[in-house]
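> structure, please.
(one chain, ligands or ions: 2)
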Amino acid sequence: MSHGWGYGPSNGPDTWAEGYPVANGPRQSPINIVPKDAVFDSNLKPLKLQYDPSDANGILNSGHSFQVNFVDDTDSSTLTRGPISGVYRLKQFHCHWGGSDDRGSEHTVNGISFPCELHLVHWNTKYPSFGDAAKQPDGLAVVGVFLRIGAANPNLQKVLDCFGSIKNKGKQRSFVSFDPKTLLPPSLEYWTYDGSLTTPPLLESVTWIVLKQAITMEMFRNLQFSAEGEGQHDMVDNFRPPQPLKGRPLRANFR
Ligand SMILES: CCc1cc2c(cc1OS(N)(=O)=O)CC[C@@H]1[C@@H]2CC[C@]2(C)[C@@H](O)CC[C@@H]12
Ligand SMILES: [Zn+2]
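Ligands and ions are numbered 1, 2, ... in the order given. A predicted model of the protein is given here:
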């Protein structure tokens, strides 16, 4: 079996610096968010998210998470304003979660973890492609949403209902007509800071936008890290722990 990176004892976050030295870089993610240390910045605009549900086109078990992919060859699903300038296109969303309800999110708030964290991934259209943008300091913008246990979210449920057919690594199926805006909480108040991918290659190209308000969900833990026939390896605890802030400013668009 390929000894790629993962979340286990022999290939997890503490080993990633071996293959990806940027793991110890100056702008790594996630971080622990300390609200009292956030600086209110009145120049921060409200987020503007405009998504076309018809851009959704598939759901995949990547072996690290599930991922809902979007057609991104036009500006039909975009993120603008907020802390960013220009137009960023929605590429995919995915989640990170724990083996029990006391852990799972990547960002923490005052040291507290949520059971799950949703990432809506966008790329800066000043670059020719997602892959190119991922190598630029202002290439990507990820909206992070905390999920807590509670009433099922009927829209998220449409995603979870697909998991039976993508149980194992490499499985994918069509997933159409879905509006990710339905996964957002009523308030779009956010913290923002400059960071990185939270998985290898850990590129320092992400403007992080973490929403203060969580959404509720019924927890799911029925996916596998492993490919079919590679044994049972439950997909849980696929999160990187918080990384050093290294002097970076944490800003808020709310007081
Ligand atoms: C920021 C969201 C994101 C983007 C990428 C990854 C992981 C990511 O998740 S996260 N948790 O939001 O940081 C891992 C695979 C990366 C991809 C960015 C583009 C690539 C670097 C490709 O060029 C090759 C591998 C890709
Ligand atoms: Zn992520």
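> can I get the longest helix along the chain as CSV, trimmed to CA atoms?
Of all the elements of type helix in the chain, the one with the most residues (DSSP state H) is helix 154-160. Taking C-alpha atoms only, helix 154-160 is exported to CSV below (Å, rounded to 0.1, in the frame of the first residue of the first chain):
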residue,chain,number,x,y,z
PRO,A,154,-31.9,18.9,5.4
ASN,A,155,-29.5,20.2,2.7
LEU,A,156,-26.4,18.7,4.2
GLN,A,157,-28.4,15.5,4.5
LYS,A,158,-28.5,15.4,0.7
VAL,A,159,-24.7,15.1,0.7
LEU,A,160,-24.7,12.5,3.6
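> ok, and what's touching that helix?
Residues from elsewhere that reach helix 154-160, judged by Cβ atoms under 8 Å, 6 or more residues apart in numbering: 59, 66, 68, 147, 175, 178-179, 182-183, 215, 217-218, 220. For glycine as for every other residue, the C-beta is placed from the backbone atoms N, C-alpha and C.
> run the last query once more with 6 Å
With contact meaning Cβ atoms under 6 Å, 6 or more residues apart in numbering, helix 154-160 is reached by Thr182, Leu183, Met217, Phe220.
> one more: stretch 72-81?
Contacts of stretch 72-81 (Cβ under 6 Å, 6+ apart): 45, 48-52, 55, 70, 87-91, 122, 141.
> closest one of these to Leu211?
Distance to Leu211, by Cβ to Cβ, is smallest for Leu49 among those, at 11.0 Å.
> list the buried ones in the helix or strand that contains Trp16?
With secondary structure defined by DSSP states H and E, Trp16 is part of helix 16-19. For helix 16-19, the neighbour count (16 or more other Cβ atoms under 10 Å) marks Trp16 as buried.
> the helix or strand just after that helix packs against which elements?
Where DSSP H and E defines the elements, the next helix or strand beyond helix 16-19 is strand 32-33. Counting contacts by 3 or more Cβ pairs under 6 Å, 6 or more residues apart in numbering; DSSP states H and E, strand 32-33 packs against no other helix or strand.
> roughly how far out does strand 32-33 sit from the chain middle?
For strand 32-33, the separation from the chain centroid amounts to 15 Å (computed by Cα atoms, centre = their mean, to the nearest Å).
> equivalent analysis for stretch 111-121, please.
With Cα atoms, centre = their mean, you get 8 Å for stretch 111-121.
> how long is it from one end to the other?
24 Å (Cα to Cα, to the nearest Å).
> what's the average pLDDT for it?
For stretch 111-121, mean pLDDT is 98.
> before we move on, back to that, now do the buried residues in the longest helix of the chain.
So helix 154-160, judged by 16+ other Cβ under 10 Å, has buried residues Leu156, Lys158, Val159, Leu160.
> would CSV of those residues with pLDDT be doable?
Listed next are these as CSV, based on pLDDT from 0 to 100:
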residue, pLDDT
Leu156, 94
Lys158, 96
Val159, 97
Leu160, 96
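> want to try CSV for the residues you listed, with distance to ligand 1 as columns?
Formatted as CSV, the entries for the buried residues of helix 154-160 read as follows, by distance: Cβ to the nearest ligand atom, whole Å:
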residue, distance to ligand 1
Leu156, 17
Lys158, 21
Val159, 16
Leu160, 19
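> re the thing from before, Asp41: which of the contacts of helix 154-160 is nearest?
Among those, and counting by Cβ to Cβ, the member closest to Asp41 is Leu183, at 25.7 Å.
> ok, that closest one to ligand 1 distance?
With distances taken as Cβ to the nearest ligand atom, to the nearest Å, Leu183 is found 15 Å from ligand 1.
> sweet, I'm off.
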